[in-house]
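Undergrad: fold the following and give me the result.
(one chain, ligands or ions: 1)
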Amino acid sequence: MLSPVAAIRQIRHLALPGLSGRDARIAAMQHPRRNQTSMLRQRTLKSVIRATGVGLHSGVKVRIALRPAAPDTGIVFCRVDLDPPVELKANPFGVGDTRMASVLEQDGVRLGTVEHLMSALAGLGIDNLYVDVDAAELPIMDGSAAPFVYLLQSAGIEAQNAPKRFLRVKKPVEVNEGDKWARLDPYDGFKLDFSIAFNHPAVDQTGTRVAVDFADDSYTRDISRARTFGFTQDVEALRAQGLALGGSLDNAIVMDEYRVLNAEGLRLPDEFARHKVLDAIGDLYLAGHPLLAAFSANKSGHALNNQLLRVLLADASAWELVSFERDEAVPAGIAHLYPTLQLS
Ligand SMILES: [Zn+2]
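TA: Numbering: from 1, shown residues only. Take a look at the predicted model:
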């Protein structure tokens, strides 16, 4: 079975596959008949795939197995180290602790750091999956979503015989806390605009604002490789709280007061802001369906992203579930977002 270290090594040296919206449009033009009787379908994996890694906060070894699931299952995590095993379905009202990660909680059972895998699942359009985990936290892998993307693509992605359902935002919704805010606006597609400010020289000299629109940008190429980051001056306080025990230069960008300490430097010139977009995509996918919306945020994090979803869902007139069962109904931005889903 694939070791995560091997997976990461390959990811570092290979350009990952995946069509951007532009490439997909060209492919669609070359094969016009393929789309005539198609609908946007739900997706799961073709086969089971396993991986091992370390928990960022616990520091313990964690094993995961990603298993195919039937249409309309959603993303269901299963704590298989408990007897009997406990299932935690991805849903915005199950998110408890958001200090350093998005933690699902149910009847006293916790599962932490779900956002990077959730982000990869959103990015690849996977609707239904069982995720077996033998610890209270998902493995951090290399601190990005790229190892999860690689695992999912290695298992193979299968279109299912059920229409993909989207959560369409119908009215603007905003939450704020001081100068931090997050907002959703109606949009026939999915785009994000994220600004950060850390008052730190190594962060502020990079691009601190990132805008992506998945009608034209590729999740795999433009977002999935961005790593999480932390500051050495925070590590002691975090460790006193039992957090970041597994954190290292192998799974995070680490900075002292002045500079990045990782010898290899940054993977992308604006890697910090891109990781915040990666996190937001994962946090928003806890809604249970992909969004049709424009997300924008300033200095937001897991807590505010989750609060935004709760405010949205609390207002029944602000959203609706939609599916596209005939081609002509599919908004252009969505057709480009999930090109390979359109199987006749
Ligand atoms: Zn993150």
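
Undergrad: and Asp188, what does it touch?
TA: Contact analysis of Asp188 by C-beta atoms under 8 Å, 6 or more residues apart in numbering lists Leu292, Pro331, Ala332, Gly333, Ile334. Glycine gets a C-beta too; all of them are placed from N, C-alpha and C.

Undergrad: the closest residue to Val48 other than its chain neighbours bridge partners, please.
TA: With sequence-adjacent residues excluded and distances taken as C-beta to C-beta, 6 or more residues apart in numbering, Val48 is closest to Arg67, at 5.0 Å. Counting by DSSP bridges, Arg67 forms beta bridges with Tyr130.

Undergrad: from the ion, how far off is Arg67?
TA: 24 Å (C-beta to the ion, to the nearest Å).

Undergrad: do the same with Thr232
TA: With C-beta to the ion as the criterion, Thr232 and the ion are 18 Å apart.

Undergrad: neighbours around that residue, how many?
TA: 11 (other C-beta atoms under 10 Å).

Undergrad: oh, and call the first residue 32 from now on, that's how I've got it
TA: Right, with 32 as the first residue, what we last looked at is Thr263.

Undergrad: quick check: it vs Ala233, distance?
TA: 12 Å (C-beta to C-beta, to the nearest Å).

Undergrad: so what sits against both of these two?
TA: Counting by C-beta under 8 Å, 6+ apart, the residues touching both Thr263 and Ala233 are Met286.

Undergrad: who's in contact with Gly220?
TA: By C-beta under 8 Å, 6+ apart, the neighbours of Gly220 are Asp244, Phe245, Ala246, Leu323, Pro362, Ala363, Gly364, Ile365, His367, Leu368.

Undergrad: same deal with Phe229?
TA: Asp235, Phe303.

Undergrad: how does it look with 10 Å?
TA: Asp235, Thr239, Phe260, Phe262, Met286, Phe303, Lys330 (C-beta atoms under 10 Å, 6 or more residues apart in numbering).

Undergrad: show me which of those residues is closest to the ion.
TA: Phe260 (8.6 Å; C-beta to the ion).

Undergrad: would you map the strands across the stretch 132-281 of the chain?
TA: 135-137, 140-142, 160-164, 188-194, 196-200, 204-208, 211-216, 221-226, 240-244, 260-262 (DSSP state E, counting those that start in this stretch).
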